[in-house]
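Chemist: A predicted structure for the sequence below; I have some questions about it.
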Amino acid sequence: MRLTNLDMEEWKQSAPYVDSLLVPVYGIRLPGKQPELFGPRLTERVAKAVEQELTGRLLLMPAIPYQGLDDKVFFSYIDSVVRELAPYGFHHLFFLGEGKLFPRGLEEAGYRWINLEPEKRGLEEETESVIQLIVRVWETESGE
């Protein structure tokens, strides 16, 4: 399920089972008016494929793009997103993107950064890796 395509009747039926949010995060660069789109496109493609595979338990949120933010400003914004989403009853909040840019303190609070490594794997392998990681988290936290 995608937040941006949500049918409210369908959501009413599905909401009790959806316990996870997936938030894509990517940098936007436009040097010389030439957009660098590989990272954002990869992140969006993986996020959509994961959402399709895990529909029924995971809700895909709109992406958080960033540009030129220093780490403190970016981490502060991510922290505010986490604080906003935390009380809504979702047990798992996954952030998905390239690079190890996620603040450690939030991972310790139970929110996870899933690092994409496109130089090591293709799109299908990357997607399967993300799906496996999320399922492992679900199994671990449910005691399965």
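Modeler: Looks like it came in fine. Here the structure is a predicted model, which is why all the values come from computation and not from measurement.
Chemist: Give the residue spans of the protein that score low on pLDDT.
Modeler: Residue ranges of the chain with pLDDT under 70: 68-71, 100-110, 143-144.
Chemist: Buried ones in the helix ranked longest in it, by neighbour count?
Modeler: Criterion DSSP state H: the longest helix present in the chain is helix 123-142. By neighbour count on 16 or more other C-beta atoms under 10 Å, the buried set for helix 123-142 is 126-131, 133-134, 137-138. Glycine gets a C-beta too; all of them are placed from N, C-alpha and C.
Chemist: Please name every helix or strand in contact with it.
Modeler: Counting contacts by 3 or more C-beta pairs under 8 Å, 6 or more residues apart in numbering; DSSP states H and E, helix 123-142 is packed against strand 20-27, helix 38-53, strand 92-98, strand 112-116.
Chemist: Quick check: which helices or strands does the shortest one pack against?
Modeler: Right, the one you point to is strand 112-116. helix 38-53, strand 92-98, helix 123-142.
Chemist: What helices and strands are in contact with the second one?
Modeler: Under the contact criterion of 3+ C-beta pairs under 8 Å, 6+ apart, the helices and strands touching strand 92-98 comprise strand 20-27, helix 38-53, helix 71-85, strand 112-116, helix 123-142.
Chemist: Dump these into a markdown table; add distance to residue 99 as well.
Modeler: Below are those laid out as a markdown table (distance: least, C-beta to C-beta, whole Å):
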| stretch | distance to residue 99 |
| --- | --- |
| strand 20-27 | 8 |
| helix 38-53 | 8 |
| helix 71-85 | 11 |
| strand 112-116 | 7 |
| helix 123-142 | 14 |
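Chemist: between those, which one is nearest to residue 5?
Modeler: helix 38-53 (10.0 Å; C-beta to C-beta).
Chemist: State the three-state secondary structure for residue 121.
Modeler: Classification of residue 121 into helix, strand or coil gives coil, according to DSSP: H, G, I helix; E, B strand; the rest coil.
Chemist: how many other residues sit next to it?
Modeler: 13 (other C-beta atoms under 10 Å).
Chemist: I'd like the distance between the residue nearest to it when sequence neighbours are not counted and residue 20.
Modeler: Nearest non-adjacent residue to residue 121, counting by C-beta to C-beta, 6 or more residues apart in numbering: residue 129, 6.5 Å away. Using C-beta to C-beta, to the nearest Å, we find residue 129 at a distance of 17 Å from residue 20.
Chemist: Good, we can wrap up now.
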